[in-house]
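**Student:** Structure for the following, please:
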Amino acid sequence: MTEPAPLSRPQLRRLLRNARRALTPREQRQAALGLYRQLAQHPLFRRARHISLYLPTDGEIDPRLLLRAAQRQGKATYLPVLSAWPRTKMVFQRVRPGDKLLPNRFRILEPRADARRQRNVWALDLVLLPLVGFDNEGGRLGMGGGFYDRSLAYLARRNSWRKPTLLGLAHECQQVDRLAQASWDVPLAGTVTDKHWYVAGTSLEPATL
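**Tutor:** Presented below is the predicted three-dimensional model:
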């Protein structure tokens with residue numbers, strides 16, 4: 001009996017997106033709370049002064065409890081903003097409570113672009129990334145647009161860069177055994193779900209990274 005052919009990246013992306021979309025509203029709320037409990041008191045989060053997060057779409061795990069907690073603690077919080085031109089570029093812009101958010105071309109809410117409030121990615125302390133799939137070795141499968149990969153490409157070119165720390169956020173159902181990585185993929189320091197940390201081949205929560 002032959003082994004089934006491995007799924008292509010588009011096939012795997014479709015399978016995992018369907019899995020997270022299938023979660024009920026109650027399961028999503030529980031997952032958001034579990035994610036908050038995993039991260040809010042962790043030294044990485046507590047030490048970080050400049051943190052980029054995202055607003056959830058398409059069944060992504062919701063980090064807004066962490067966003068509000070960071071703002072209450074006086075941290076500077078940022079959201080990704082897509083550039084009008086070039087359309088492949090993404091920047092990180094500070095967001096404060098009460099800021100007006102508008103849907104971008106993918107219908108994801110973001111602040112209106114303002115260069116005065118944007119920060120270079122290498123000057124951020126912690127970037128919490130959305131993803132479609134992840135493995136235990138820092139592999140991340142994104143939505144396919146490559147926005148984060150292009151923004152973080154400098155990390156792949158120079159091993160001496162230490163900032164920012166990259167953490168993927170996900171539901172447990174988004175884990176896979178192993179992701180084939182392309183040369184432009186930037187590995188994560190780890191992935192955090194509502195139940196576990198996945199770092200260096202283990203699901204045990206580390207004291208620090």
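
**Student:** Quick check: bridge partners of Val91?
**Tutor:** Beta-bridge pairing of Val91 under DSSP bridges involves Val81.

**Student:** Check which helix or strand Ala69 maps to.
**Tutor:** Taking DSSP states H and E as the criterion, Ala69 maps to helix 64-72.

**Student:** Just list what that helix packs against, helices and strands only.
**Tutor:** Using 3 or more C-beta pairs under 8 Å, 6 or more residues apart in numbering; DSSP states H and E, the elements in contact with helix 64-72 are helix 25-39, strand 76-82. In short, each C-beta sits where N, CA and C put it, glycine included.

**Student:** For the helix or strand following the first one, what does the pLDDT average out to?
**Tutor:** Okay, so that is helix 25-39. Next helix or strand after helix 25-39 toward the C-terminus (DSSP H and E): helix 43-47. The average pLDDT within helix 43-47 is 96.

**Student:** What are the boundaries of the strands in this structure?
**Tutor:** Secondary structure of the chain by DSSP state E: the strands cover 50-52, 76-82, 90-95, 101-103, 109-111, 118-119, 126-129, 133-134, 140-141, 165-169, 190-192, 197-198.

**Student:** just for the protein, where's the confidence low?
**Tutor:** In the predicted model, the chain carries pLDDT under 70 at residues 1-5, 156-161, 183-184, 200-209.

**Student:** In it, which residue is most central in space?
**Tutor:** The centre of the chain sits closest to Leu129, judged by C-alpha atoms, centre = their mean, with a distance of 1.0 Å.

**Student:** contacting residues for it?
**Tutor:** Counting by C-beta atoms under 8 Å, 6 or more residues apart in numbering, Leu129 touches Tyr54, Arg140, Tyr148, Leu166, Leu167, Gly168, Leu169, Leu188.

**Student:** May I see these arranged in TSV, with neighbour count and distance to Gly98 as well?
**Tutor:** Putting the contacts of Leu129 into TSV (neighbours: other C-beta atoms under 10 Å; distance: C-beta to C-beta, whole Å) gives the following:
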residue	neighbour count	distance to Gly98
Tyr54	23	19
Arg140	23	32
Tyr148	23	27
Leu166	24	28
Leu167	21	27
Gly168	27	28
Leu169	27	24
Leu188	23	31
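
**Student:** now the strands of the chain as JSON lines including distance to Leu33?
**Tutor:** Formatted as JSON lines, the strands of the chain follow (distance: least, C-beta to C-beta, whole Å):
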{"stretch": "strand 50-52", "distance to Leu33": "19"}
{"stretch": "strand 76-82", "distance to Leu33": "19"}
{"stretch": "strand 90-95", "distance to Leu33": "22"}
{"stretch": "strand 101-103", "distance to Leu33": "23"}
{"stretch": "strand 109-111", "distance to Leu33": "21"}
{"stretch": "strand 118-119", "distance to Leu33": "29"}
{"stretch": "strand 126-129", "distance to Leu33": "16"}
{"stretch": "strand 133-134", "distance to Leu33": "20"}
{"stretch": "strand 140-141", "distance to Leu33": "23"}
{"stretch": "strand 165-169", "distance to Leu33": "13"}
{"stretch": "strand 190-192", "distance to Leu33": "13"}
{"stretch": "strand 197-198", "distance to Leu33": "16"}
